[in-house]
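Asker: sequence? don't have it. structure:
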């Protein structure tokens with residue numbers, strides 16, 4: 001049955017409809033905000049999994065159709081292909097929002113698909129897609145502990161605004177996306193221009209209030225058309241097996257959890273499980289999927305022991321206190337041919353980071369429903385399997401790698417030099433060599449050091465830290481610089497980056513229903529202390545950009561030309577500029593404002609290109625002085641070539657300070673003569689003088 005609810009967000013109507021489209025899905029809805037429309041569907045298998053699963057098989061896909069913006073895709077195929085970076089990041093954003101809100105014992109395969117079918121270029125489809133996904137699940141029969149909703153908060157001139165239009169995002173000192181239930185926040189993603197901790201808390205609380213309206217809308221629609229939630233068979237382990245495992249392993253596990261080194265600790269824990277399982281096989285030989293069930297129960301026991309120890313003693317797996325940061329080492333200039341490089345190591349997490357500088361043609365070209373654009377700053381994060389001592393297939397970057405790279409990119413954008421001051425394209429690659437927690441934050445620190453090593457004039461260094469949360473009943477502890485196991489067994493992964501003066505990026509994922517303002521405030525204040533400590537450690541390796549670029553980086557020369565001359569430099573079909581590039585082996589970037597940047601490896605090539613461009617684009621003005629070649633002689637004077645394709649008339653009266661009868665008495669074709677421009681008429685014809693440049697000695701001769 002068709003139902004809808006609607007409300008006003010500012011001056012724009014937000015409408016949610018159901019019962020009209022995609023009715024065979026378990027839940028579907030159409031969300032319209034202005035002229036932006038997304039369709040969300042949710043389907044979950046009715047059949048319980050045949051195998052015992054220790055994870056929830058949820059898939060979230062956000063996809064943008066080019067027809068939504070009245071565009072035809074580029075490329076040969078002319079149809080949408082693999083998801084772009086924005087689609088991947090938005091899929092991840094929605095997944096992180098809804099995943100914690102399913103029952104822990106629900107393991108049916110579930111798929112949520114959000115499709116952008118109309119985009120007005122003003123109202124962000126990513127934000128209403130969080131709402132759409134939640135609504136499709138909430139009105140379906142799929143067990144879901146929502147609803148949940150999200151919003152984007154901007155800050156311009158100290159004024160916070162929710163659901164701001166797209167044109168305000170780039171002007172804002174804050175780009176904050178958060179989501180939450182009616183009780184708590186469960187996901188945060190932010191870029192900030194050095195905001196303080198208190199400013200960030202204010203913005204988060206402002207956003208929390210803004211999403212309550214959207215949750216009320218969903219509850220209203222659920223009352224009108226929501227289905228009863230389905231019964232399902234919980235995937236769990238019998239109490240008898242759990243009790244047996246705990247009695248056999250508890251004492252040994254307590255000792256194993258005292259081992260500080262990750263690899264040795266995990267090998268010891270695996271050995272304990274194998275010994276326990278030998279006993280279980282004999283006692284529960286008729287139990288189906290015994291090994292999988294035993295492993296899941298064993299994992300829960302390990303988890304509870306780790307969490308209980310942290311809550312009761314304040315001592316963590318590796319023996320650190322709650323606020324203690326692992327040992328840090330920083331190296332710079334480790335790769336001789338890279339334009340900048342660094343290795344940042346914190347505990348058992350290590351990132352090798354390299355910077356490459358290029359010209360404008362090296363920029364990332366983007367073509368999506370928001371339009372065509374280019375990115376001059378790229379940051380790519382790689383997580384090879386050897387970093388965790390595993391054997392896995394190497395493939396294209398997954399959502400996690402793309403997400404971690406994007407987080408580090410947001411962290412650094414604020415401190416990068418403006419393109420007008422540093423016209424290079426910048427690419428950073430972070431290869432994780434070891435991982436035991438917070439490799440994305442190691443990437444931020446390593447990227448800062450590699451930028452400094454490359455001589456990129458960033459305004460300030462940036463560091464990052466990952467905070468964690470262990471919450472049991474009414475007690476909780478915030479952890480600084482979390483390990484991989486503390487992330488795995490904990491309730492929160494809260495990454496904070498910034499300079500000494502403020503926050504530049506945030507990312508928070510919650511595995512429980514949510515966190516409140518008090519927890520966030522504690523986490524941010526502890527993160528600030530840690531961030532400043534790490535910045536001091538980084539400064540011991542390199543505290544400011546190097547004075548010069550690497551000798552292997554492309555060198556650059558810049559000149560300004562008249563904008564009317566841009567077409568002359570490019571030439572018909574780009575013929576002129578291509579010929580310069582081929583002749584001089586350089587790269588040339590031309591700005592619409594007439595700024596021309598020449599990049600090359602050899603100074604002689606760049607000087608040659610520079611001179612050619614000057615010759616092609618110089619606007620001749622009265623008073624300019626040239627050395628030109630006499631190309632033609634007439635009775636009334638000589639024509640002198642002063643620039644390519646530009647001759648001027650040197651009248652016979654301007655050749656010498658003395659009267660002459662014939663031009664040939666002084667000049668002949670092919671002579672090089674120094675002349676001064678004494679006039680340029682409306683048609684661009686140039687009058688020259690030689691006699692005005694003659695010295696007294698020349699005049700006597």
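Answerer: Now that the structure is in, tell me what you want to look at. Given the structure is predicted, the values throughout are model-derived calculations rather than measurements.
Asker: tell me which stretches of the stretch 351-500 of the chain form strands.
Answerer: Assigned by DSSP state E, counting those that start in this stretch, the stretch 351-500 of the chain shows strands spanning 364-368, 371-375, 377-382, 425-434, 463-472, 475-480, 492-499.
Asker: sorry, slip of the keys, the one I care about is the stretch 551-700 of the chain.
Answerer: Using DSSP E, counting those that start in this stretch, the strands of the stretch 551-700 of the chain run over 555-560, 587-590, 595-600, 625-634, 637-643, 646-651, 672-680, 686-689.
Asker: given the longest one, what are its sheet partners and their directions?
Answerer: Based on DSSP bridges, the pairing partners of strand 625-634 within the sheet are strand 637-643 (antiparallel), strand 672-680 (antiparallel).
Asker: what comes up buried for the longest one?
Answerer: Within strand 672-680, the residues that qualify as buried by neighbour count (16 or more other Cβ atoms under 10 Å) are 673, 675, 676, 677, 678, 680. Every C-beta, even on glycine, is put in place using the N, C-alpha and C of the backbone.
Asker: give me the lowest-pLDDT entry from those residues.
Answerer: Of all the buried residues of strand 672-680, residue 680 has the smallest pLDDT value, namely 90.
Asker: so what sits opposite that one in the bridge?
Answerer: Beta bridges link residue 680 to residue 686, judged by DSSP bridges.
Asker: was I right about it contacting residue 623?
Answerer: No: taking Cβ atoms under 8 Å as the definition, residue 680 is not a contact partner of residue 623, at 10.2 Å.
Asker: can you give me the helices for the stretch 1-150 of the chain?
Answerer: For the stretch 1-150 of the chain, the helices defined by DSSP state H, counting those that start in this stretch cover 85-98, 125-138.
Asker: figure out which of those is closest to residue 300.
Answerer: Closest to residue 300 of these is helix 85-98 (Cβ to Cβ; 22.7 Å).
Asker: now that closest one: average pLDDT?
Answerer: The average pLDDT for helix 85-98 rounds to 94.
Asker: that older thread, out of the strands of the stretch 351-500 of the chain, which is the most enclosed?
Answerer: Neighbour counts (mean count of other Cβ atoms under 10 Å) averaged over each of the strands of the stretch 351-500 of the chain peak at strand 492-499, with a mean of 26.
Asker: any residues touching it, and which ones?
Answerer: Contacts to strand 492-499, defined as Cβ atoms under 8 Å, 6 or more residues apart in numbering, come from residues 188, 192, 194, 407-408, 411, 415, 438, 440-441, 444, 460-469, 482, 487, 503-512, 515, 523-524, 527-528, 531, 535.
Asker: mind checking which of these are in helices?
Answerer: Among these, the members falling in helices (DSSP state H) are 407-408, 411, 440-441, 444, 487, 523-524, 527-528, 531, 535.
Asker: dump the buried residues of strand 672-680 to CSV, plus distance to residue 76.
Answerer: Shown next, in CSV, are the buried residues of strand 672-680 (distance: Cβ to Cβ, whole Å):
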residue, distance to residue 76
673, 57
675, 55
676, 57
677, 53
678, 58
680, 50
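Asker: filter the contacts of strand 492-499 down to the buried ones.
Answerer: Buried members of those, counted by 16+ other Cβ under 10 Å: 188, 192, 194, 407-408, 411, 415, 438, 440-441, 444, 460-469, 482, 487, 503-511, 515, 523-524, 527-528, 531, 535.
Asker: now residue 28. Nearest residue, chain neighbours left out?
Answerer: In this structure, residue 28 finds its nearest non-sequential neighbour in residue 22, 3.9 Å apart by Cβ to Cβ, 6 or more residues apart in numbering.
Asker: pLDDT score for that neighbour?
Answerer: 96.
Asker: what angle separates the top helix by length along the chain from strand 492-499?
Answerer: In the chain, ranked by residue count with DSSP H as the criterion, the top helix is helix 197-225. On the basis of axes from the mean of the first three to the mean of the last three Cα atoms, to 10 degrees, helix 197-225 is oriented at 140 degrees to strand 492-499.
Asker: distance from the chain centre to helix 197-225, please.
Answerer: Taking Cα atoms, centre = their mean, to the nearest Å, one finds the center of helix 197-225 at 26 Å from the center of the full chain.
Asker: buried residues in that helix?
Answerer: Judged by neighbour count (16+ other Cβ under 10 Å), helix 197-225 contains these buried residues: 197, 199-208, 210-211, 213-215, 217-219, 221-222, 225.
Asker: next: stretch 69-84.
Answerer: Under 16+ other Cβ under 10 Å, the buried positions of stretch 69-84 are 69, 71, 73, 80, 83, 84.
Asker: for residue 669, what are its contacts?
Answerer: Residues in contact with residue 669 (Cβ under 8 Å, 6+ apart) are 630, 631, 632, 633.
Asker: residue 358 reaches residue 454, doesn't it?
Answerer: No: between residue 358 and residue 454 there is no contact under Cβ under 8 Å: 11.9 Å.
Asker: more crowded one of these two?
Answerer: residue 454 (27 against 18; other Cβ atoms under 10 Å).
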